[in-house]
Structure formats: C-alpha cells, structure tokens
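Colleague: Structure for the following, please:
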Amino acid sequence: NGVVSFWKGTNELSDDLLTEEDRALSDGWSADERFGEPHRRQFRRIIQQMQANGNPPFSGREARKAVDLILTIYESARTGTRVSVPRQGKSA
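Modeller: Reported below is the predicted structural model:
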C-alpha cells in the first residue's frame, strides 16, 4: 500500500545519514517520506524538463547505469553470491 512495512539494517533510517550534497542529489528525501514519493517527484522533473526544452535531464546511457545496478542487486539476491556491476557501456 505504498509504505515500507519492514526494514532491516545496521543503522536507524534517518535524515542524519545524508550529507548536504546527498540531500541535494536526492531532491530533499526525508526518512518519514511516503514510499514512492521520490519516484513521482523524479517523473515530474523529467516531464517538466522535456516539456521545457524537449530533452530529458539525463541521457539514456546514464539511466541504463541505474538499471544495471538494480539488475545486479537482484541477481546477487537470487543467487546469494557477490555479483560485479557491469562496466559503463555494457549491459547485464
């Protein structure tokens, strides 16, 4: 229902873990923010940027890096082994 119901980690989830640079990159994320809201904010920014000048705020190549990282995390979880993230320019 749009809420993280379980979190297991070594640190308490807290805004204090973010540096000012992290906070700027995360577009104001906060620990008590409703799950999924950061994605909605990102989609709004992408659409606004494309409407303003016709270009997304990042390239497909940059977006692919995030997809490769996520797929690598899934593969590691599936196999229970350490998996290397593909090098830039290569896909999983």
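
Colleague: buried residues in the lengthiest helix in the chain?
Modeller: Using DSSP state H, we find that the single longest helix of the chain is helix 60-79. By 16 or more other Cβ atoms under 10 Å, the buried positions in helix 60-79 come out as 64, 65, 68, 72. Bear in mind the C-beta positions are built from the backbone N, C-alpha and C, glycine included.

Colleague: so where is the chain shaky, pLDDT-wise?
Modeller: Counting by pLDDT under 70, the low-confidence segments of the chain come to 1-18, 22-31, 88-92.

Colleague: Could you pull out the helices in it for me?
Modeller: 20-25, 37-53, 60-79.

Colleague: Output the ones you listed in TSV, with distance to residue 86 appended to each entry.
Modeller: Formatted as TSV, those follow (distance: least, Cβ to Cβ, whole Å):
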stretch	distance to residue 86
helix 20-25	22
helix 37-53	23
helix 60-79	5
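
Colleague: Out of those, which gets nearest to residue 85?
Modeller: Each of the helices of the chain was scored for nearness to residue 85 using Cβ to Cβ, and the closest is helix 60-79 (4.8 Å).
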